[in-house]
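S.K.: Whatever this is, show me its structure:
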Amino acid sequence: MSEANSQLKERVRAFWQEHPCGTKFADAEPGSRRFYELVEEHRYTKEWHIPIAAGFANTKHLAVLEIGCGLGTDGAQFAKAGANYTGIDLTNAAVDLARRRFELFNLPGTFRVADAERLDFPDNTFDLVYSHGVLHHTPDTQAAIREIHRVLRPGGRAVVMLYHRDSYNYRINISLLRRAGVHLLRWHAGVKLVHTLTGESEESLLQHAQQLRSDKQYLGSDEFLSRNTDGAGNPLARVYSRAEARELFKDFAFVELRPYFLNKRWLPIIGPLLPRAVEAKLASRWGWHLWIYATKER
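M.R.: Below you'll find the model as predicted:
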């Protein structure tokens, strides 16, 4: 690993150690039973497609590895379905919270801190490797996918979600609306206006305002994307087109791509009114989440 990538990896680790994914969606004591219930309710209400897209119900007796276990929300669904589940994460914070969830809900599973780019498992170990919204945050995504291929058994499947370049959220929301609107954050009244129009918290908007003032690179294309996906302090996020995703998974025998998740919050006025069937249809073309289903050769 290059020195630059090593330093970036440490920044990624530090950010997610301080902000375990999903914790902001629960107004309850972290690690409490109510905390995990609220996180799960929010996740599967907002991203209702996940149980179907991930195929939790079809994993009984499969050896499943989740890369980026987060709070253990999806991992719990695998375990409840009867999978032999292993969860890894780059941070101690996530592993501790995920392990606590499994203990509270009496679920079987094992956890460890590990780096997706250098998995410490033997070749041909797992039937399924699952990773939702994680690998676009690691400096060498291609290395991580090579590792997935290595640890999968022949005929095993990878199910991976990456951010979608050709999505409404990237092409319109981040690249146009947020880039134009961010200049309003230079003024207190502008922060109030953006909060009213978008529903984004004033705390989050003030963090962006601080980044805008203090970081000369904030408006650069790569920095702006990273800061406007998972928080103003997020050091790294990438987006992938369908062609770029296929190239990442070129070592697999079969690859299928399916976009999901429109994120209606960024569709002014009409978003909350869309029926689920219409939302799903639009998401199948313009969805922010590009799900990749890749099968290893037998």
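
S.K.: how's the chain carved up into domains?
M.R.: Split into domains by automatic domain parsing, the chain comes to 3-166+239-295, 168-227.

S.K.: Highest mean neighbour count out of those?
M.R.: domain 3-166+239-295 (a mean of 18; mean count of other Cβ atoms under 10 Å). Every C-beta, even on glycine, is put in place using the N, C-alpha and C of the backbone.

S.K.: pLDDT of that one, averaged?
M.R.: For domain 3-166+239-295, mean pLDDT is 95.

S.K.: Which stretches in the stretch 151-298 of the chain count as strands?
M.R.: For the stretch 151-298 of the chain, the strands defined by DSSP state E, counting those that start in this stretch occupy 152-163, 254-260, 289-295.

S.K.: follow-up on the earlier one: of all the domains of the chain, which one comes closest to G233?
M.R.: G233 sits nearest to domain 3-166+239-295 of all these, at 5.7 Å, using Cβ to Cβ.

S.K.: State which helix of the protein is the longest.
M.R.: In the chain, taking DSSP state H as the definition, the longest helix is helix 3-18.

S.K.: Do a quick rundown of the helices in the stretch 151-298 of the chain.
M.R.: For the stretch 151-298 of the chain, helices defined by DSSP state H, counting those that start in this stretch occupy the ranges 168, 179-181, 188-198, 202-214, 221-227, 242-248, 276-286.

S.K.: if we can go back for a sec, now the strands of the stretch 151-298 of the chain in TSV, with distance to R11?
M.R.: Shown next, in TSV, are the strands of the stretch 151-298 of the chain (distance: least, Cβ to Cβ, whole Å):
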stretch	distance to R11
strand 152-163	18
strand 254-260	29
strand 289-295	24
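
S.K.: ok so, going back, now what about the longest helix of the chain, what contacts it?
M.R.: Taking contacts as Cβ atoms under 8 Å, 6 or more residues apart in numbering, the residues outside helix 3-18 that touch it are 1, 89-94, 115, 137-140, 231, 233-236.

S.K.: export it as CSV, just CAs?
M.R.: Taking Å, rounded to 0.1, in the frame of the first residue of the first chain, the C-alpha atoms of helix 3-18 are listed here in CSV:
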residue,chain,number,x,y,z
GLU,A,3,2.0,6.0,1.9
ALA,A,4,-0.8,8.2,0.5
ASN,A,5,-3.3,5.3,0.6
SER,A,6,-2.1,4.3,4.1
GLN,A,7,-2.7,7.9,5.4
LEU,A,8,-6.1,8.0,3.7
LYS,A,9,-7.1,4.7,5.2
GLU,A,10,-6.3,6.0,8.6
ARG,A,11,-8.5,9.1,8.0
VAL,A,12,-11.3,6.7,6.9
ARG,A,13,-10.9,4.6,10.0
ALA,A,14,-10.9,7.6,12.3
PHE,A,15,-14.1,9.1,10.7
TRP,A,16,-16.1,5.8,11.0
GLN,A,17,-14.7,5.1,14.4
GLU,A,18,-16.2,8.4,15.6
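
S.K.: Since that was my last question, I'll sign off now.
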